[in-house]
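> Here's my sequence, what's the structure:
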Amino acid sequence: MAVSSVSFVAVFLALVFAMIALPAAVQAQSSAPAPAPASDGTSIDQGIAYVLMLVALVLTYLIHAADFCFSF
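Below is the predicted model:
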């Protein structure tokens, strides 16, 4: 039983030390500067362009399919 009580005291003291020392160490760190923006707007413009081209492709397909159906 002596070993278990000694190990319990050692673990308890380690936890108490960690609870006291770690919050002070975390608060001592300075915050990092904000990261640079991930996009400068070009990728957004390119995405909009792709969507508009897809809409134009679908509309062209639908118009030609409708024209083909009414030609008979």
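> Let me know the average pLDDT across whichever helix or strand residue 7 is part of.
Applying DSSP states H and E as the criterion places residue 7 in helix 2-28. In this model, helix 2-28 has an average pLDDT of 71.
> likewise stretch 59-72?
Stretch 59-72 comes out with an average pLDDT of 79.
> Would you mark the buried spots in it?
Across stretch 59-72, burial judged by 16 or more other Cβ atoms under 10 Å covers no residue at all. (Each C-beta comes from the backbone N, C-alpha and C, glycine too.)
> now it, how far from the centre of its chain.
Distance of stretch 59-72 from the chain centroid (Cα atoms, centre = their mean, to the nearest Å) equals 44 Å.
> Other residues contacting that stretch?
Contact with stretch 59-72 is made by no outside residue, as judged by Cβ atoms under 8 Å, 6 or more residues apart in numbering.
> any idea how far the longest helix along the chain is from the chain center?
With secondary structure taken from DSSP state H, the chain has its longest helix at helix 42-70. Chain-centre distance of helix 42-70: 31 Å, with Cα atoms, centre = their mean.
> Start at 50, not 1
Fine by me, first position is 50 from now on; the one you just mentioned is helix 91-119.
> Just say helix, strand or coil for the most centrally placed residue in the chain.
Of all residues in the chain, the one closest to the mean position by Cα atoms, centre = their mean is residue 87, 11.6 Å from it. With DSSP: H, G, I helix; E, B strand; the rest coil as the basis, residue 87 sits in coil.
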